[in-house]
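> Here is my input, please return the structure:
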Amino acid sequence: MNTLQKWLGPVLFCTCLGGGLTLGWSATTDLNKKRSSEVAVLQNALYDQECGSCHFAYQPGWLPARSWDKIMTGLKDHFGENATLAAEPQRQLTDWLRVHAADHAQGGKIQKMVRSIPAQATPIRITEIPYFQKEHRKLPLRTWKENPQVRSLSHCATCHPQAKEGSFDEHAVRIPNFGPWKD
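Numbers count the residues shown, from 1 in each chain. As a prediction, this is how the structure comes out:
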């Protein structure tokens, strides 16, 4: 993080990856706090429509490209649902997910996530990633699995109120029926 980012706080950044422009937020809290766990927020109307209409539209930066490939080729049985798409939208989404996958992340928690995945593994759930599991290991089952308002760690936005904005800062966690999470 450079001095300008420290003074500006959250700033919009632009990078070029695979011939496309990536827009996202590089967020910092204040000068006395460490950087929060951020992932680039990308706008894609097709992704929001096709994926976000059924579940939280996970930012592509949470999984490596090989995982997105596996997910997109398995849409006929997408976690028990048939989510097949016409050929052209599927190709467009697969290409977009590959370009913006975690493999292209520049440091931070996303790189820790990617490094924690064994080379031979192709997770199709963010919750399968070792770093994710490490970060959530202290949560008692009563706070999420037995909590009727959460039920699964895959429901990110339930406890991370700024998940859509790419912020997964542990200090901002609010667990329904329990309040703020204190580690």
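
> burial measure for His160, as a count.
Using other CB atoms under 10 Å, His160 has 22 neighbouring residues. Yep, even glycine has a C-beta here, placed from its N, CA and C like the rest.

> ok, it touching Ser167?
Yes. With contact defined as CB atoms under 8 Å, His160 counts as touching Ser167 (7.1 Å).

> What's the end-to-end length of stretch 76-90?
End-to-end distance for stretch 76-90: 12 Å, by CA to CA, to the nearest Å.

> same deal with stretch 114-133?
Span of stretch 114-133 from end to end, CA to CA: 13 Å.

> I'd like the numbering to begin with 105 instead of 1 from here.
From this message on, residue numbering opens at 105, which makes the last subject stretch 218-237.

> how about the helices in the protein?
For the chain, helices defined by DSSP state H occupy the ranges 107-112, 149-154, 169-177, 191-203, 212-220, 234-240, 260-263.

> Dump those to a markdown table, plus mean pLDDT and distance to Thr226.
Listed next are the helices of the chain as a markdown table, based on pLDDT from 0 to 100; distance: least, CB to CB, whole Å:
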| stretch | mean pLDDT | distance to Thr226 |
| --- | --- | --- |
| helix 107-112 | 34 | 34 |
| helix 149-154 | 92 | 20 |
| helix 169-177 | 97 | 5 |
| helix 191-203 | 95 | 13 |
| helix 212-220 | 86 | 12 |
| helix 234-240 | 94 | 14 |
| helix 260-263 | 92 | 21 |
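
> would JSON lines of those helices with mean neighbour count be doable?
Shown next, in JSON lines, are the helices of the chain (neighbours: other CB atoms under 10 Å):
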{"stretch": "helix 107-112", "mean neighbour count": "10"}
{"stretch": "helix 149-154", "mean neighbour count": "14"}
{"stretch": "helix 169-177", "mean neighbour count": "18"}
{"stretch": "helix 191-203", "mean neighbour count": "16"}
{"stretch": "helix 212-220", "mean neighbour count": "18"}
{"stretch": "helix 234-240", "mean neighbour count": "16"}
{"stretch": "helix 260-263", "mean neighbour count": "18"}
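
> possible to save those as a markdown table with distance to Asn251?
Formatted as a markdown table, the helices of the chain follow (distance: least, CB to CB, whole Å):
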| stretch | distance to Asn251 |
| --- | --- |
| helix 107-112 | 36 |
| helix 149-154 | 27 |
| helix 169-177 | 27 |
| helix 191-203 | 30 |
| helix 212-220 | 24 |
| helix 234-240 | 13 |
| helix 260-263 | 9 |
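
> who's in contact with the nearest residue in space to Phe236 that is not next to it in sequence?
Nearest residue to Phe236, sequence neighbours excluded (CB to CB, 6 or more residues apart in numbering): Ile230, at 5.6 Å. By CB atoms under 8 Å, 6 or more residues apart in numbering, the contact set of Ile230 is Tyr162, Trp166, Leu167, Phe236, Ser258, Cys260.
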